[in-house]
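**Q** Next comes the sequence, and after it the predicted model I'd like to discuss.
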Amino acid sequence: MVSVTFLRNYRYRLYPFRNQQRILQHQLDIGCDMYNSLLDLKQEIWRETKTSLSKQDLNNIITSLKIDNHRWNDIHSQVLQNVSDRITKAYDSFFRRVKEKKAGKKIKAGYPRFKKQVRYKSITFPQYGNGCRLISNKKLFVSGFGEIPIVLSRMPKGKIKTATIKIKTNKWYVIFTCMITQELPQHPHADREVGIDMGLTKFAHLSDDTVIGNERFYKQKEKRLKRLQRQLSRKKKGSHNRQKAMLRLAVEHEKIWNQRNDFQHKASRYIADNYGVIGVEGLNINGMLKNHRLAKHIADAGWGGFLKKTCYKAVSAGGMFIIGDRFAPSTQECSCCHALLKIPLSERAYSCPVCKTKLDRDLNASINRKPSSILSRDGQPRIYAWGDPTSTLQQKDCDASRVDEPKNRQRT
């Protein structure tokens, strides 16, 4: 058995009382003010002296500010230290993107910007137990608030490292980041392999001719979203009615996100539990989104989130996840004789002129995406499998963390 360590997030709903909600919102405002103050000071010192403040320098500034102004004492000290950590990470990511852009990658550098109070939506306690801890299955103790009711649908596994309190569409949540160490089991279907072909007409077509339909959650709510967006555009900026309209629109988008997330979790769980070796095509999703005719439908399908969920579920179950070469002609190649036939996208049936094989176009592509086909044909496919000495798995590529996996894991 192979022992692995990974991070996993658990999200729970909070139900603070009205006075606690006011205190929580007040602390979010303080955190936002501190973020903007430190960012402004960091930029000003760079312009004047060409020296960059480190994370420790920012923490020392926070200490001096708390002495001069007691307003900063209304929030936990480690929450303020996390603000300096966020600024440091923002600059580290900015310089990383600058290097990638100079190397030829077409991305925006994204210089760190000041935040509005409506966009600063979370506070983080870097050390669980110091300012935030569970005291029972129904209560969460937070320094400065007291006991906040919590719905603990399941107990978090492993050691809790950090706790983040977040607001989303006027709903409060706490997110625990846990470090879990476990032994990977032997997959019950280690000898079963499957290839997956992603699409829009059908969300996924498996190599054993199993079809997962495309639910098109955004398309179903598109008319209502347009109506809510029109109502929002008619409201006067800064008015209470505009805030209400923004909330109604955000709630509708959240429903779509929840539907898509639930669908992806159930579909990925079915695949990870029933197949030990999974092969997919390396998709350039960002490049596909530049096609303005299909961008909305590709984003609605959510291929990237589905593949990430399938990856960490398969690896956690002891399986293997293999990504093939994106330039391999999986759709145009015959799965029997490997002859190439260029067919337009409008033709949904593949008919090989050499061996006379007739298959559904997506089924033919999924057979070519089977792991055995990828390993025998592609140069150096990306293989994700914990415990495999030849694995190329990196935590940044296939993170084992996830939030709110549905309990009802059914085939979709």
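**A** Good, I have the coordinates.

**Q** any idea how far Cys132 is from Ala272?
**A** 33 Å (CB to CB, to the nearest Å). For every residue, glycine as well, the C-beta is placed using N, CA and C.

**Q** who touches Arg145 in this structure?
**A** Careful, residue 145 is Phe and not Arg. Shown in contact with Phe145 (CB atoms under 8 Å, 6 or more residues apart in numbering): 16, 20, 23-24.

**Q** Among the residues you listed, which pair sits farthest apart?
**A** Longest distance between any two of these is 8.3 Å, between Pro16 and Ile23; criterion CB to CB.

**Q** Could you check which of these two is surrounded by more residues?
**A** Neighbours around Pro16 and Ile23, counted as other CB atoms under 10 Å, are more numerous at Pro16. The numbers are 22 against 18.

**Q** Is the closest residue in space to that one that isn't next to it in sequence bridged to anything, and to what?
**A** Nearest non-adjacent residue to Pro16, counting by CB to CB, 6 or more residues apart in numbering: Ile148, 4.9 Å away. Note on Ile148: beta-bridge partners Leu140, judged by DSSP bridges.

**Q** ok, Ile271 touching Lys309?
**A** No. With contact defined as CB atoms under 8 Å, Ile271 does not count as touching Lys309 (9.5 Å).

**Q** Just the mean pLDDT for stretch 367-375, thanks.
**A** Per-residue pLDDT values over stretch 367-375 give a mean of 85.

**Q** whoops, I mixed them up, stretch 307-317
**A** Averaging pLDDT along stretch 307-317 yields 91.

**Q** Look at stretch 189-203 and report the distance between its end residues.
**A** Using CA to CA, to the nearest Å, one end of stretch 189-203 lies 24 Å from the other.

**Q** Pull out the buried residues from stretch 365-385.
**A** Neighbour-count burial for stretch 365-385 flags 365-371, 373-374, 377-378, 381-385 (criterion: 16 or more other CB atoms under 10 Å).

**Q** how far out from the middle of the chain is it?
**A** Centroid separation between stretch 365-385 and its chain, computed with CA atoms, centre = their mean, to the nearest Å, is 25 Å.

**Q** End to end on it, go ahead and measure it.
**A** Stretch 365-385 has an end-to-end distance of 24 Å (CA to CA).

**Q** Equivalent analysis for stretch 98-112, please.
**A** 12 Å.

**Q** Equivalent analysis for stretch 336-347, please.
**A** End-to-end distance of stretch 336-347 (CA to CA): 19 Å.

**Q** do the same with stretch 365-384
**A** Start-to-end span of stretch 365-384 (CA to CA) is 21 Å.

**Q** In contact with the residue nearest the centre of the chain, which residues?
**A** Nearest to the mean C-alpha position of the chain, counting by CA atoms, centre = their mean, stands Gly305 at 6.6 Å. When contacts are counted by CB under 8 Å, 6+ apart, Gly305 is found next to 260-261, 264.

**Q** what does Gln264 give?
**A** Counting by CB under 8 Å, 6+ apart, Gln264 has contacts 302, 305-306, 309.

**Q** how about a cut-off of 10 Å?
**A** With contact set as CB atoms under 10 Å, 6 or more residues apart in numbering, Gln264 has these partners: 203, 301-310, 406, 412.

**Q** Which pLDDT value does the model give it?
**A** Reported pLDDT at Gln264 in the predicted model: 96.

**Q** For it, which three-state class applies?
**A** helix (DSSP: H, G, I helix; E, B strand; the rest coil).

**Q** May I have the residues that are in contact with the nearest residue to it once chain neighbours are set aside?
**A** Nearest residue to Gln264, sequence neighbours excluded (CB to CB, 6+ apart): Phe306, at 4.5 Å. Neighbouring residues of Phe306 by CB under 10 Å, 6+ apart: 196, 198, 203-204, 212, 260-261, 263-265, 267-268, 271, 280.

**Q** Enumerate the positions of the helix or strand containing Phe306 that are buried.
**A** Assigned by DSSP states H and E, Phe306 belongs to helix 303-316. By 16+ other CB under 10 Å, the buried positions in helix 303-316 come out as 303, 306-316.

**Q** ranges for the helices of the chain?
**A** For the chain, the helices defined by DSSP state H occupy 18-49, 55-68, 77-102, 217-220, 222-234, 240-274, 285-288, 295-301, 303-316, 361-368, 371-377.

**Q** Give me the helices and strands touching the fifth one, please.
**A** The one in question is helix 222-234. Secondary-structure packing of helix 222-234 (3 or more CB pairs under 10 Å, 6 or more residues apart in numbering; DSSP states H and E): helix 240-274.

**Q** Any buried residues in the helix it packs on, and which?
**A** Judged by neighbour count (16+ other CB under 10 Å), helix 240-274 contains these buried residues: 242, 245, 249, 252, 256, 260-274.

**Q** Give the intersection of the neighbour lists for Ile271 and Lys309.
**A** With contacts taken as CB under 10 Å, 6+ apart, not a single residue reaches both Ile271 and Lys309.

**Q** Give the residue spans of the stretch 251-400 of the chain that score low on pLDDT.
**A** The model of the stretch 251-400 of the chain has pLDDT under 70 over residues 378-380, 386-400.

**Q** ok, His205 touching Asp197?
**A** Yes. Between His205 and Asp197 there is a contact under CB atoms under 10 Å: 4.8 Å.

**Q** so what sits against both of those two?
**A** Common neighbours of His205 and Asp197, counting by CB under 10 Å, 6+ apart, are 360-367, 369.

**Q** From those residues, pick the one nearest Pro156.
**A** Ranked by distance to Pro156 (CB to CB), the shared contacts of His205 and Asp197 are led by Arg369 at 35.8 Å.

**Q** Now do the same contact list for that closest one.
**A** 194-198, 205-207, 278-282, 322-324, 328, 330-331, 335.

**Q** now swap in His187 and tell me
**A** By CB under 10 Å, 6+ apart, His187 lies in contact with 272-277, 314-315, 317-320.

**Q** Ile87: which of those is nearest?
**A** Set against Ile87, the nearest of the contacts of His187 by CB to CB is Val315 (33.5 Å).
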